[in-house]
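**Q** A structural model of the following input is requested.
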Amino acid sequence: MHDWIEREVTLDDGDYVHRVCQHCGRDFAMKKGADEWIAVHLTAFQFQPLQDSVNHRWLSEPCPGRQLLEDGNDHRVKK
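**A** Sure thing, here's the model as predicted:
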């Protein structure tokens, strides 16, 4: 099960809720007023959405309980 660290973030394009799992390190963001979480790569100034296939997989899978090598590859392939 994911163990979330959650925080509110204000970026140039709006306000977000950002959460990262302490176990697997997967990052998700939701723009305030939206109703869906998206898998993201976090940079210093923005959330970069990951590919739709990664987003779907991360949202549908249970927490793997640890950081996975393939998740590093998922972070490199942006939308």
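
**Q** residue most distant from the centroid, the protein?
**A** residue 12 (18.3 Å; CA atoms, centre = their mean).

**Q** okay, now residue 68: neighbour count?
**A** By other CB atoms under 10 Å, 13 other residues sit near residue 68. (Glycine included, C-beta is placed from N, CA and C.)

**Q** got it, and the one 3 residues further on?
**A** A total of 18 residues lie near residue 71 under the criterion other CB under 10 Å.

**Q** identify all contacting residues around the helix or strand harbouring it.
**A** Using DSSP states H and E, residue 71 sits within helix 69-76. Defining contact as CB atoms under 8 Å, 6 or more residues apart in numbering, one finds that helix 69-76 is touched by 24, 25, 26, 39, 41, 50, 51, 54, 58.

**Q** give me the buried entries from the residues you listed.
**A** Taking 16 or more other CB atoms under 10 Å as the criterion, what is buried in these is 24, 26, 39, 41, 50, 54, 58.

**Q** thought the first one was touching residue 62?
**A** It stands for residue 24. No. With contacts defined as CB atoms under 8 Å, residue 24 does not count as touching residue 62, sitting 9.7 Å away.

**Q** remind me which residues of this structure are low pLDDT?
**A** Under the criterion pLDDT under 70, the flagged ranges of the chain are 76-79.

**Q** where exactly do the strands run in it?
**A** Per DSSP state E, the chain carries strands over the ranges 4-11, 14-21, 27-31, 38-42, 47-49.

**Q** so what strands line up beside the fourth one?
**A** Neighbouring strands of strand 38-42 in its sheet, by DSSP bridges, are strand 27-31 (antiparallel), strand 47-49 (antiparallel).

**Q** which residues touch the last one?
**A** By CB under 8 Å, 6+ apart, the list of residues contacting strand 47-49 from outside reads 11, 16, 18, 27, 29, 38-42, 55, 78-79.
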